[in-house]
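Undergrad: Kindly generate the corresponding structure for this input.
(chains A, B and C, ligands or ions: 7)
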Amino acid sequence: MRSLRSAVELEQLRVKILSQRKPEKPCISICGGTGCHAYGCEDVAKALKSEMKRQGLSKQVELKVTGCHGFCERGPLMVLHPQKIFYQRVSPGDVSEIIAETVIKGNIIDRLLYIDPVNEEKAQSEEDVPFYKRQQRLVFGNNGLIDPTNIEDYLAIGGYSALSKVLFNMQPEEVIEEIKKSGLRGRGGGGFPTGRKWDSCRNAPSSDGIRYVICNADEGDPGAYMDRSLLEGNPHSVVEGMVIGAYAVGAHDGYVYVRLEYPLALNNLGIALGQAREYGLLGQNILGSGFDFNVKVSRGGGAFICGESTALMASLEGRVGEPRPKHIHTALQGLYGKPTNLNNVETWANVPLIINRGADWYSQIGTEGSKGTKIFSLVGKINNTGLVEVPMGITLREIIYDIGGGIPRGKKFKAIQTGGPSGGCLPESLIDLPVDFDRLTDVGSMMGSGGMIVMDEGTCMVDIARYFVKFLTEESCGKCVPCREGLDRMLDILTDITEGRGKEGDIELLEELGGLLKETSLCALGTTASNPVLSTIKYFRGEYEAHIREKRCPAGVCKALITFIIDAEKCTGCGLCLRECPQEAISGEKKKPHVIDQSKCIRCGLCRDSCKFEAIIVA
Amino acid sequence: MIELTIDGIKAKVEEGTTVLEAAREMGIIIPTLCYHPGLSPYGACRVCMVEVVKGDHSSLEASCTLPVEQGQVILTNSEKVTRARKLIVELLLSSCPNSKTLQDMAANMGINKVRFKIKDRGCILCGRCVRYCKEQMKSGGIGFVGRGTSRRVATAFDVTPEECRNCGGCEWICPVCEKACMADSLIDGLCGGCQNLAPVETCLVCTGCSESVSPQGHKVY
Amino acid sequence: MVNDYEKVKAIVDRYGGKHDSVIAILQDVQSEYHYLPEHTLRAVASQLDLPLIQICGVATFFKAFSLKPRGEHTVTVCLGTACHVRGAPAVLDEVKRQLGIEPGNTTADMRFTLETVNCLGACALGPILVVDGKYHGQMSLGKVKKVLNRYKKVQKDGRHEELKVSS
Ligand SMILES: Cc1cc2nc3c(=O)[nH]c(=O)nc-3n(C[C@H](O)[C@H](O)[C@H](O)COP(=O)(O)O)c2cc1C
Ligand code: SF4
Ligand code: SF4
Ligand code: SF4
Ligand code: FES
Ligand code: FES
Ligand code: FES
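TA: Ligands and ions are numbered 1, 2, ... in the order given. Alright, predicted model coming up:
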């Protein structure tokens, strides 16, 4: 491929690509995201390929392995174009039937359709599925349409047109003005206005004129994977955003800092960068405009703190990820002491959209203070696990019930955790809260990067607080005292509470330590670290008190405070549990109710897992 | 020159000075642990916190790394500051109870109980030794390993490194090793012995032996 | 060892011997040896002309690095929040019991290394257990033994273990 030398050449190429593509040509798009991978989509793709070959269809039918489609719960997913038929839970055994019936004859295979559990209606296409219906997938929706390893797919949906618009028709200041006007705020957690950040970076003095832009793809929130899915499924949108940002702030070098556990994202990003270079969309003299911009990929070393801006830059410079005080902002003195603009993956992916469709259009979406859409990873005790993109301002209720399909097994909703380790747990009384940056902060949580973990009555809030504090003690860099020692002592106290050694005054001490962390920690990891604890104390204080005063875990989670007992009414005496128990704590005659010897039981839960009659209960 | 107000007193200092240095020039004492005049500022121990007042809200900042700013209003001994400082020293005491420096500080601040589990680590990770070795000796024998609660000061593979020049500076500069507290038993995490001249609940007898603390005031931190 | 010095040198040279490439260099050394043997760290330090402790600091700060040799199979339990609320701690306990080791360690016979991870991006399948890169989703406590047994085949004394499939 000869590299493109002008905006016209780019458009000519696009016309050519589109003319070669027939919209009526059958195309099977199969999700190759991590979730579907784990469900075995690779085997499905392989089976499809060989079946198509066997039938001599390889030329007539296109097969596309894409990034995550979003509805990971029902993977492996498949969409058949042009009719847009949506199949879920596809297995290799279904493949020959799909080819014979759907691809060749156009018949729909009922058993592979999604059935709405509420009204038992079958959905033929994605639009009919409630999970997708309420979403507004501006940034994420393209994932299902493109093969991330093929730049032509991205060009076919209008890719890099925003870049060419910017390079040839806009001054850098105009670009910044447009982003400011759009109201875009950073999607990495802090929600800082992106346009303002770009502005200060552009105007920061730099003796040699060097500036950097960085894409933060460290995604450390445990339970969130939208950045990963964007990089895996649509890497060019992120690259395009970065080139536009670089042009706006006047940078010629950039970095993408990718979490190490994301091999597929690294791979697809590497391919995308190579193709962009080859096509003249990256590197020297981009599209013949005279603007140069290069991107390097850096693999993270596996540390949550390296998502923090100064720690990330330290680790890019080859040092340990220790934050520094931020009296001088990284926009002024960042990487190698140069003005540096750092944005999150999703923030970058929003940029081409804003340039293409205009700030006025963009700022109509969302709320007063938070514009546009946000991708959330909706996980935990929820029926429809997956990635959802919704306009800002949607209520938690709509996300949990309309999109998420509610709580599995008819259990009761208890709390939703947003913002990851820096966020908080919100109770049912706040379920009608509109989701945006400011409203979430008001109630003691955070937007964070977009993790949403749904919890039901079987989740213990003290245990959750302990979980996050434990995570943070391991992930804190250990430099400053409040964070290192404070978290460690909070963990001690929470462990005591969950293990039945809680005492009066513990809650108050936790609150005191929480306040200290907020006020005195060096970096934002420490200042937000107490949110999970403080928010659970605020909304679920009674549960803490039950642990401390009554030595009882109401949710039945904390091992030291529960006992397993066999319900004699339900026990059939099958003896399954007896064989599973590693402690030989269960005894009983065949066909007679069994009993557990509490002095031997280590509460491993194996027996409860094995019992087919739900006869083993937690008390 | 930058003009700022510390504890109600106006002062002019050179640009690039830190709030801690400015305060010391004015004779205002702010306790410090990881700070040392001969080393680069580090901002890790957080005992030097001061309150920065901006209109009707204020925040706490570590004075040793905080650059002075035109019109800044600083409080070094407000209720908010002392509350935070006390809790930090209490935390430090629980991980380094045998440090005389810390016991003295606790006495000065009127800490009368350590409410946390004592986990004697013998080091507060202030990094003075590490910076001394690197900055003053231009060597690199010691450093931090691990992260979070597993972080510690170490030599590579725990053997005396080639780079070590046996200067002993790391020990000399350490605020914890410098003077060990000799009390043989701790009551509520405090030594309760000679140092605690301040009214401390657990201090039963005061022998007035400490050199570092005088009954009139506390000058040495 | 001379050979190893050359191997490390090749990696260091690939990054132009730049100090800011320490992390990338160590990542490449680790993928070569599956862990970071002491002499390779020494080699990296001397070739980059950096104090060894600085290299050790980096190697012990990031979770991706291991200074201990790793077992033949790597068992990883996801402890991300989604997996946690779906019962990952109990799964981890069961894996610990089965292997007799704590996370971060390797069994004495060098067959299994146990690790934990925070979210693998497959939360829909939680709780997840990964063995050598293969995902085993929706783990129940009973399934742990079955999955591990598939990799256990040879026992310590070299005899083939009967595959105990719990009834
Ligand atoms: C402890 C910590 C972890 C963070 N992790 C991430 C992360 O994984 N990804 C991310 O984009 N931002 C993360 N951030 C936020 C970044 O510091 C930074 O604000 C963000 O990348 C800026 O981009 P934005 O303005 O586009 O949001 C983290 C912040 C802290 C304090
Ligand atoms: S707050 Fe925590 S993570 Fe941040 S610098 Fe302090 S110890 Fe490190
Ligand atoms: S919980 Fe575990 S130890 Fe206790 S009875 Fe059940 S199987 Fe046995
Ligand atoms: S050994 Fe002493 S000087 Fe070094 S970090 Fe520990 S407390 Fe500070
Ligand atoms: S991975 Fe296939 S839908 Fe998410
Ligand atoms: S003296 Fe300022 S933080 Fe330690
Ligand atoms: S939390 Fe385990 S895969 Fe996401």
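Undergrad: need the contact list for residue 115.
TA: Let's take chain A. By Cβ atoms under 8 Å, 6 or more residues apart in numbering or on different chains, the contact set of A:Ile115 is A:Glu121, A:Lys122, A:Ala123. All C-beta spots, glycine's among them, are computed from the backbone N, C-alpha and C.
Undergrad: Can you look at chain B instead?
TA: A:Leu509, B:Glu90.
Undergrad: thinking again about what came up before, I'd like the contacts of A:Ile115 laid out as JSON lines, including neighbour count.
TA: Listed next are the contacts of A:Ile115 as JSON lines, based on neighbours: other Cβ atoms under 10 Å in any protein chain shown:
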{"residue": "A:Glu121", "neighbour count": "13"}
{"residue": "A:Lys122", "neighbour count": "13"}
{"residue": "A:Ala123", "neighbour count": "19"}
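Undergrad: from those residues, which are also near ligand 6?
TA: By Cβ under 6 Å from any ligand atom, no member of the contacts of A:Ile115 lies near ligand 6.
Undergrad: so A:Phe564 touches A:Arg608, yeah?
TA: Yes - judged on Cβ atoms under 8 Å, A:Phe564 makes contact with A:Arg608 at a distance of 6.2 Å.
Undergrad: ok, these two, which is more surrounded?
TA: Between A:Phe564 and A:Arg608, counted using other Cβ atoms under 10 Å in any protein chain shown, the more crowded position is A:Phe564 (24 against 20).
Undergrad: where along chain C do the strands fall?
TA: C:73-78, C:112-117, C:129-131, C:134-136 (DSSP state E).
Undergrad: if we can go back for a sec, any residues in contact with both of A:Phe564 and A:Arg608?
TA: Contacts common to A:Phe564 and A:Arg608, judged by Cβ under 8 Å, 6+ apart, are A:Ile616, A:Ile617, A:Val618.
Undergrad: Write a PyMOL command that selects only the buried members of those residues.
TA: One line in PyMOL is enough to select the buried members of the shared contacts of A:Phe564 and A:Arg608, burial here meaning 16 or more other Cβ atoms under 10 Å in any protein chain shown:
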select buried, chain A and resi 616+618
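Undergrad: and of the shared contacts of A:Phe564 and A:Arg608, the nearest to A:Ala311?
TA: The shortest approach to A:Ala311 among those belongs to A:Val618, at 41.3 Å (Cβ to Cβ).
Undergrad: picking that back up, tell me, which of the shared contacts of A:Phe564 and A:Arg608 make contact with chain C?
TA: Among the shared contacts of A:Phe564 and A:Arg608, proximity to chain C is found for none (Cβ under 8 Å from any Cβ of the partner chain).
Undergrad: Out of the shared contacts of A:Phe564 and A:Arg608, name the ones that lie in strands.
TA: Counting by DSSP E, the shared contacts of A:Phe564 and A:Arg608 contribute A:Ile616, A:Ile617, A:Val618 to strands.
Undergrad: Switch the residues you listed over to CSV, and while doing so, append distance to ligand 3 and pLDDT to every line.
TA: Formatted as CSV, these follow (distance: Cβ to the nearest ligand atom, whole Å; pLDDT from 0 to 100):
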residue, distance to ligand 3, pLDDT
A:Ile616, 7, 91
A:Ile617, 11, 90
A:Val618, 9, 89
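Undergrad: Per-residue pLDDT of residue 128, please?
TA: The chain I'm using is chain A. In this model, A:Asp128 is scored at 92, pLDDT.
Undergrad: I was thinking of chain C, sorry if that wasn't clear
TA: Reported pLDDT for C:Ile128: 94.
Undergrad: ditto for C:Tyr151
TA: 87.
Undergrad: Around it, how many other residues sit close by?
TA: 15.
Undergrad: Same question for A:Glu485.
TA: 29.
Undergrad: any idea how far the longest strand anywhere in chain A is from the chain center?
TA: If you go by DSSP E, chain A has its longest strand at strand A:373-380. For strand A:373-380, the separation from the chain centroid amounts to 6 Å (computed by Cα atoms, centre = their mean, to the nearest Å).
Undergrad: Paired strands for that strand, with orientation please.
TA: Strand A:373-380 sits in its sheet next to strand A:386-391 (antiparallel), strand A:451-456 (parallel), going by DSSP bridges.
Undergrad: packing partners for the least confident helix or strand in chain A by mean pLDDT?
TA: Sorting the helices and strands of chain A by mean pLDDT, DSSP states H and E puts helix A:606-610 at the bottom, at a mean of 85. Contact partners of helix A:606-610 among helices and strands, from 3 or more Cβ pairs under 8 Å, 6 or more residues apart in numbering or on different chains; DSSP states H and E: helix A:576-580, strand A:616-618, helix C:141-152.
Undergrad: middle-most residue in chain B, spatially?
TA: Centroid-nearest residue in chain B: B:Leu33, 2.2 Å away (criterion: Cα atoms, centre = their mean).
Undergrad: Checking the residue lying closest to it once chain neighbours are set aside next. Helix, strand or coil?
TA: Closest residue in space to B:Leu33, ignoring its immediate chain neighbours: B:Cys45 at 4.0 Å, by Cβ to Cβ, 6 or more residues apart in numbering or on different chains. For B:Cys45, the assignment made with DSSP: H, G, I helix; E, B strand; the rest coil gives coil.
Undergrad: which residues sit in contact with B:Cys45?
TA: Neighbouring residues of B:Cys45 by Cβ under 8 Å, 6+ apart: A:Cys480, A:Val481, B:Thr32, B:Leu33, B:Cys34, B:Tyr35, B:Ile88, B:Leu92, B:Ile124, B:Cys126.
Undergrad: Show the backbone phi and psi for it.
TA: Per-residue torsions, B:Cys45: phi -80, psi -30 (degrees, to the nearest 10).
Undergrad: which residues touch A:Pro92?
TA: Neighbouring residues of A:Pro92 by Cβ under 8 Å, 6+ apart: A:Gly40, A:Asp43, A:Val44, A:Lys46, A:Ala47.
Undergrad: before we move on, the earlier item: closest to ligand 4 out of the shared contacts of A:Phe564 and A:Arg608?
TA: For the shared contacts of A:Phe564 and A:Arg608, the residue nearest ligand 4 by Cβ to the nearest ligand atom is A:Val618; the value is 45.8 Å.
Undergrad: What about the residue lying closest to that closest one once chain neighbours are set aside, how many residues nearby?
TA: Leaving aside its chain neighbours, A:Val618 sits nearest to A:Gly556 (4.0 Å; criterion: Cβ to Cβ, 6+ apart). Residues lying near A:Gly556 (other Cβ under 10 Å) number 18.
Undergrad: Looks like A:Gly556 contacts A:Gly458 (just checking).
TA: Yes - here A:Gly556 reaches A:Gly458: they are 6.8 Å apart, a contact under Cβ under 8 Å.
Undergrad: Would you agree A:Gly189 is in contact with A:Gly419?
TA: Yes - between A:Gly189 and A:Gly419 there is a contact at 7.4 Å, judged by Cβ under 8 Å.
Undergrad: Since that was my last question, I'll sign off now.
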